[in-house]
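fold the following.
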Amino acid sequence: MKKIYSQIQPDVLLHLVHRLEDIENEPESDIPQLARINVAPNEEFLQLASLRIGEGKTFKPHKHIYKKGEEEVIAQESWVVIRGGVDAILYDLDDSIVEVVHLHEGDCSMTFRGGHNYLSTEDNTIVYEYKTGPYRGVKNDKAFIDD
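Below you'll find the predicted structure:
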């Protein structure tokens, strides 16, 4: 797992890259046939866990409960590459590029703060995009970075 911090405010986590091999190499937990990694820090609004689950393993049925929202929330986003490849261009708090990371099949990136752009590097690339909502249109959701 790679954590990318701001060069302007070094204690501010901007981005996180989680790779397929992080899941494949995680030892089983004390629960047989289960390897779990809590990928995102607990205090982040966008949460992600990766699970490697053995055949026949199940979980207790459950539902999620509503939680009080925060006063001020920024949209956080994650991309998971299903097929193909993507260059994730990751920006610092001042809109400068802090790092470019290539994401392969099975890899994911998470943006908590700072900007990002993605460049598909293979034809027919497929990704899942996760982000916090609600989505109220481009004008209310995004501020564009000049290249």
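
use CA for all of it now, contacts and neighbours both
Noted.

bridged to the residue positioned nearest the centre of the chain, which residues?
Centroid-nearest residue in the chain, with C-alpha atoms, centre = their mean: Met110, separated by 2.3 Å. Beta-bridge pairing for Met110 (DSSP bridges): Leu16, Ser78.

same check on Tyr5?
Going by DSSP bridges, Tyr5 is paired in beta bridges with Leu13.

how far away is it from Asp11?
Tyr5 sits 7 Å away from Asp11, going by C-alpha to C-alpha, to the nearest Å.

neighbours around the nearest residue to Glu77 once chain neighbours are set aside, how many?
Residue nearest to Glu77 in three dimensions, not counting chain neighbours: Lys131, with 4.1 Å by C-alpha to C-alpha, 6 or more residues apart in numbering. Residues lying near Lys131 (other C-alpha atoms under 10 Å) number 17.

can you tell me what sits against stretch 108-125?
13-19, 44, 46, 75-95, 103, 145 (C-alpha atoms under 8 Å, 6 or more residues apart in numbering).

pull out the buried residues from those residues.
Applying 16 or more other C-alpha atoms under 10 Å to the contacts of stretch 108-125, the neighbour count classes 13-19, 46, 75-81, 83-86, 88-93, 103 as buried.

once you drop chain neighbours, what's closest to His116?
Of all residues not flanking His116 in the chain, Leu90 sits nearest, at 4.6 Å (C-alpha to C-alpha, 6+ apart).

Ile37 versus the residue nearest to Asn38 when sequence neighbours are not counted, what's the distance?
Excluding the flanking residues, the one nearest Asn38 by C-alpha to C-alpha, 6+ apart is Ala49, at 4.4 Å. Remark: distance between Ala49 and Ile37 (C-alpha to C-alpha) = 5 Å.

of these two, who's got more company?
The residue with more neighbours, out of Ala49 and Ile37, is Ile37; 15 against 10, by other C-alpha under 10 Å.

show me what that one bridges to in the sheet.
According to DSSP bridges, beta-bridge pairing links Ile37 with Ser50.

understood, closing this out.
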